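Participant: turn this into a model:
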Amino acid sequence: MAVTIKSKSEIELMRESCRLLSIVHEEMAKAIRPGISTYEINRIGEQKIKSFGCVPNFKNYNGFPAAICVSVNDEVVHGIPNKRRILQEGDIVSLDAGLIYKGYHSDAARTHAVGTVSPEAEKLMEVTKQCFYEGIKYAKAGCHLFEISAAIGDYAESFGYGVVTDLCGHGIGTALHEEPEIPNFRQKKRGMKLVPGMTLAIEPMINAGTYEVNWSEDGWTVTTKDGSLSAHYENTILITDGEPEILTLYKG
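Facilitator: As a prediction, this is how the structure comes out:
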């Protein structure tokens, strides 16, 4: 699939899809507390998505059984919600979600503290979020795609963290995953030149320890190989003639 450049009307549909998703994330964030199950967080997120008349784009995607990926502590991504997984004080939990509005996808992830967390966990979450912002300094027309990758990876590695190499960000639009793939670490090449109208899901996945991961027997859940904590921060953005527009951080 080629990289798609969105028209003005398509961008408006993407904006609305992403605006609604930002509300979904706000609702899920309010529910996070010790004692809640990952199943209940998924239920809240899916219910909110459907209340907008939208479709949860993760559900049944290549067979994924839930609407929300809920990943706890050493789970990097794709955690499957279930009633037995109860959040505990001091956990960190990553929520990755998306929806389809009038045929257009949105995608965003946040990592949250459950109650009071360790200084180490707090720092990992802060650095992972900042990795996103370091990356999008280069998400401008005329820059090259892998300048984003290098900025994300270099920042994370400056703290001694592991940058997951098995997974990456991606283009997004009428499909959840479009070209191009967007690694979170430095590449040998510069990558394609960015142009206005591109919509990209930039998503640093950063481990407190090694960059290496394991894939669980459930076929989905990705965990850190050394059992260290992992954080995930993602937004869908729009490349413009100036600064990038972060579509999934709607303020209103």
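Participant: what strand or helix carries A108?
Facilitator: Taking DSSP states H and E as the definition, A108 sits inside strand 104-113.
Participant: from the chain's centre, how far out does that strand sit?
Facilitator: 5 Å (CA atoms, centre = their mean, to the nearest Å).
Participant: who does it touch, helix- and strand-wise?
Facilitator: Using 3 or more CB pairs under 8 Å, 6 or more residues apart in numbering; DSSP states H and E, the elements in contact with strand 104-113 are helix 8-31, strand 92-101, helix 119-135, strand 230-232, strand 235-238. For every residue, glycine as well, the C-beta is placed using N, CA and C.
Participant: in CSV, list the ones you listed along with mean neighbour count and distance to G79.
Facilitator: Shown next, in CSV, are those (neighbours: other CB atoms under 10 Å; distance: least, CB to CB, whole Å):
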stretch, mean neighbour count, distance to G79
helix 8-31, 18, 13
strand 92-101, 25, 7
helix 119-135, 19, 16
strand 230-232, 28, 10
strand 235-238, 25, 20
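Participant: could you redo these as JSON lines and give each row distance to G142?
Facilitator: JSON lines is the format used below for those (distance: least, CB to CB, whole Å):
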{"stretch": "helix 8-31", "distance to G142": "19"}
{"stretch": "strand 92-101", "distance to G142": "29"}
{"stretch": "helix 119-135", "distance to G142": "16"}
{"stretch": "strand 230-232", "distance to G142": "29"}
{"stretch": "strand 235-238", "distance to G142": "15"}
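Participant: for those, which one sits closest to P196?
Facilitator: For the helices and strands packed on strand 104-113, the distance to P196 is smallest for strand 235-238, at 8.3 Å, taking CB to CB.
Participant: what's next to that closest one, contact-wise?
Facilitator: Under the contact criterion CB atoms under 8 Å, 6 or more residues apart in numbering, strand 235-238 has outside partners 6, 11, 14-15, 18, 21, 106-108, 132, 136, 139, 172, 197-203, 244-249.
Participant: switch to 7 Å and redo it
Facilitator: 11, 18, 106-108, 132, 136, 139, 172, 199-202, 244-249 (CB atoms under 7 Å, 6 or more residues apart in numbering).
Participant: list the pairing partners of that strand within its sheet, with orientation.
Facilitator: strand 199-202 (antiparallel), strand 245-246 (antiparallel) (DSSP bridges).
Participant: out of the ones you listed, deepest packed?
Facilitator: Of all the strands paired with strand 235-238, strand 199-202 has the most neighbours on average by mean count of other CB atoms under 10 Å, namely a mean of 27.
Participant: hmm, who's touching that one?
Facilitator: Strand 199-202 has contacts (CB under 7 Å, 6+ apart) with 6, 14, 107, 132, 135-136, 148, 169-173, 182, 234-238.
Participant: any idea which helix or strand comes after it?
Facilitator: Next element after strand 199-202 (DSSP H and E): strand 205-207.
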